[in-house]
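1. next input, structure requested:
(chains A, B, C and D)
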There are 2 protein chains.
Amino acid sequence: MTTKQNKAYENVLEKIKNYIERDHLKPGDRLPSEREMAEELQVSRSTIREGLRAIELLGMIETRRGEGTFLRPYQSYQTLSLLSTFIFQDPATKKDLAHTLSLIEQAILFEGATHYQQSITAEWSGHQVNYWKKRGYKQTFQVIIKHINNELLAKIWYLLYAFRLTLNEDNKESEVKQLFERFDQISVTVKNLSSKEDM
Amino acid sequence: MTTKQNKAYENVLEKIKNYIERDHLKPGDRLPSEREMAEELQVSRSTIREGLRAIELLGMIETRRGEGTFLRPYQSYQTLSLLSTFIFQDPATKKDLAHTLSLIEQAILFEGATHYQQSITAEWSGHQVNYWKKRGYKQTFQVIIKHINNELLAKIWYLLYAFRLTLNEDNKESEVKQLFERFDQISVTVKNLSSKEDM
DNA sequence: TATTTTTATTGGTCTGGCCACTCGTACTTT
DNA sequence: AAAGTACGAGTGGCCAGACCAATAAAAATA
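-> Presented below is the predicted three-dimensional model:
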């Protein structure tokens, strides 16, 4: 098949991933040399280097002349606060924050209502409405995310959510009651759609 | 003092920043050609390319053979860089990538079909299907994002998309044709729902 | 005028080279 | 024998120059 004409350096990234898995490389370990990789991948060294530069800027690797290329050790979570600084000072993203958060919450609600409606509702029903109101929107929403069981999604949501809190002038937090209503509504819609398909 | 002997490709990034400021380049504008930059910076073309690859993966630029190198419709590559490190730090998130990407794409499709169905379809119809197939899934999908006009959302999507390319073992890229079909389907569904509400 | 062909420019990739740095090893020197 | 030294192999950093493939603009043609 066709083989999609990836750019060569994208294949390099692919290959590096394979090295990491095959040799169980951990942070700090050395990757094969540029020349070795070029030989094995049958591409030129310059192509290898293009791939390396890309993920170097991403902080995945670290190169030391005379020694080699190494997987970078994990960094501390100070990243998060740095990140907030950048998003903060970027007016464009600030304006888009609410919108993006809304879309992603919508996606999460949909996913939850589609695949985990039972268990989510069950957990919610374990307490009175007042209990959730007291816990707040964040905690209540996180129930959905917990059941979806996707850490990355959870992180992204939490990031956006936290930043919106930071930036928000008017501190009106979303209402727990509304959250329940929206979830139910989506659940119904999803059911209607799927039953329609069955016919 | 100064010092720090930057790697040459980091100076390239600096220089590109200067180009952007000096010439007031906006997203979509063309950068000088690789050969021009090499000449002006007094470095080799391969060095220029290493710098370009780095910020290409970050989503800052886009290269088109025969045409040139262009600023992507969004920038602030620090944000992207930090975001990516953050995400990459945690191996656990790796397994969630495809899922998260899928959810977010779904949300984007939905948003596009709900509020920008006209203009998106219009832009797509401006060319034959083969044109979009040739441009690939990424570019075709970005049409939707462009119309939604949310830089943050665009960044997040591009990040996830790029990383999935990096990490995925099965290289099957989504099909442009399927994209069109899904978009149409969602458009229809959205229309049905809203007309129902009117009754 | 419309279409085809040519040409110049651009990114994509390769080859092969030289340099600077690191590290281990063999070789002095003490 | 121990300490220092010189050397060589390997590595990343960078370069010059080349060819290909895609694109767009200009020129030639119908």
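
2. give me phi/psi at the spatially most central residue of chain A?
-> With distances taken as C-alpha atoms, centre = their mean, A:Leu152 lies nearest the centre of chain A, 3.7 Å away. Main-chain torsions, A:Leu152, degrees, to the nearest 10: phi -60, psi -50.

3. need the pLDDT of it.
-> If you check A:Leu152, the pLDDT there is 76.

4. repeat for A:His127
-> 87.

5. next one: A:Ser102
-> pLDDT recorded at A:Ser102 is 91.

6. and for it, the neighbour number?
-> 15 (other C-beta atoms under 10 Å in any protein chain shown). (Glycine included, C-beta is placed from N, CA and C.)

7. repeat that for A:Gln128.
-> 9.

8. tell me which helix or strand comes right after the helix or strand of chain A with the lowest mean pLDDT.
-> In chain A, no helix or strand scores lower on mean pLDDT, DSSP states H and E than helix A:79-89, which sits at a mean of 37. Scanning forward in sequence from helix A:79-89 by DSSP states H and E, the next helix or strand is helix A:91-115.

9. helices or strands up against whichever helix or strand comes after that following helix?
-> Downstream of helix A:91-115, the first helix or strand assigned by DSSP H and E is helix A:117-125. When contacts are defined as 3 or more C-beta pairs under 8 Å, 6 or more residues apart in numbering or on different chains; DSSP states H and E, helix A:117-125 sits against helix A:137-148, helix A:176-198.

10. could I get the buried residue list for the shortest one?
-> When burial is assessed from 16 or more other C-beta atoms under 10 Å in any protein chain shown, helix A:137-148 yields the following buried residues: A:137, A:140-145, A:147-148.

11. Serialize those residues to CSV and add fields for pLDDT and distance to A:Arg64.
-> Shown next, in CSV, are the buried residues of helix A:137-148 (pLDDT from 0 to 100; distance: C-beta to C-beta, whole Å):
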residue, pLDDT, distance to A:Arg64
A:Tyr137, 85, 48
A:Thr140, 88, 49
A:Phe141, 90, 45
A:Gln142, 88, 42
A:Val143, 92, 47
A:Ile144, 94, 45
A:Ile145, 92, 40
A:His147, 94, 45
A:Ile148, 94, 41
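
12. nearest to DNA strand C among these?
-> DNA strand C lies nearest to A:Ile148 out of the buried residues of helix A:137-148, by C-beta to the nearest atom of the strand, at 37.1 Å.

13. gap between the closest one and B:Leu152?
-> Here A:Ile148 is placed at a distance of 22 Å from B:Leu152 (C-beta to C-beta, to the nearest Å).

14. cool, A:Gln106 as well?
-> If you go by C-beta to C-beta, the gap between A:Gln106 and B:Leu152 works out to 15 Å.

15. would you mind naming what in chain A lies close to DNA strand D?
-> A:31, A:33-36, A:45-46, A:49, A:52, A:63-69 (C-beta under 7 Å from any atom of the strand).

16. which non-adjacent residue is nearest A:Ser119?
-> A:His147 (5.3 Å; C-beta to C-beta, 6 or more residues apart in numbering or on different chains).

17. surely that neighbour meets A:Tyr116?
-> Yes: counting by C-beta atoms under 8 Å, A:His147 does reach A:Tyr116; the two are 4.2 Å apart.

18. three-state assignment of the residue in chain A that DNA strand C sits nearest to?
-> Using C-beta to the nearest atom of the strand, A:Gly66 is the residue of chain A that sits closest to DNA strand C, at 2.6 Å. Per DSSP: H, G, I helix; E, B strand; the rest coil, the secondary structure class of A:Gly66 is coil.

19. cool, A:Thr63 as well?
-> Strictly by three-state DSSP, A:Thr63 counts as strand.

20. got the residues of chain A near DNA strand C?
-> Residues of chain A lying close to DNA strand C by C-beta under 7 Å from any atom of the strand are A:7-9, A:42-47, A:50, A:64-67.

21. can you pick out the most distant pair from the residues you listed?
-> Across the residues of chain A next to DNA strand C, no pair lies farther apart than A:Lys7 and A:Gly66, at 29.1 Å, counting by C-beta to C-beta.

22. before we move on, back to that, quick check: phi and psi on the residue of chain A closest to DNA strand C?
-> Backbone torsions of A:Gly66, given as degrees, to the nearest 10, read phi 90, psi -20.

23. burial measure for it, as a count.
-> A:Gly66, neighbours per other C-beta under 10 Å, totals 4.

24. swap in the one 4 residues further on?
-> The tally of other residues near A:Phe70 (other C-beta under 10 Å) stands at 16.

25. per-residue confidence for it?
-> Looking at A:Phe70, the pLDDT reads 90.

26. what about the residue nearest to the centre of chain A, distance to A:Glu175?
-> 27 Å.

27. same deal with A:Glu111?
-> Taking C-beta to C-beta, one finds A:Glu111 at 21 Å from A:Glu175.

28. now stretch A:16-26: average pLDDT?
-> Mean pLDDT, computed over stretch A:16-26, is 80.

29. domains in chain A, as residue ranges please.
-> Taking automatic domain parsing as the reference, chain A has its domains at A:8-71, A:79-185.

30. with distance to B:Thr189 added, can I get those in TSV?
-> Output for the domains of chain A, formatted as TSV (distance: least, C-beta to C-beta, whole Å):
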stretch	distance to B:Thr189
domain A:8-71	35
domain A:79-185	12
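
31. tell me the contacts of A:Phe183?
-> A:109, A:112-113, A:120, A:144 (C-beta atoms under 8 Å, 6 or more residues apart in numbering or on different chains).

32. cool, and A:Thr100?
-> Shown in contact with A:Thr100 (C-beta under 8 Å, 6+ apart): A:160, B:150, B:152-153, B:156.

33. one more time with 10 Å
-> Residues in contact with A:Thr100 (C-beta atoms under 10 Å, 6 or more residues apart in numbering or on different chains) are A:93, A:156, A:160, A:163-164, B:104, B:107, B:148, B:150-157.
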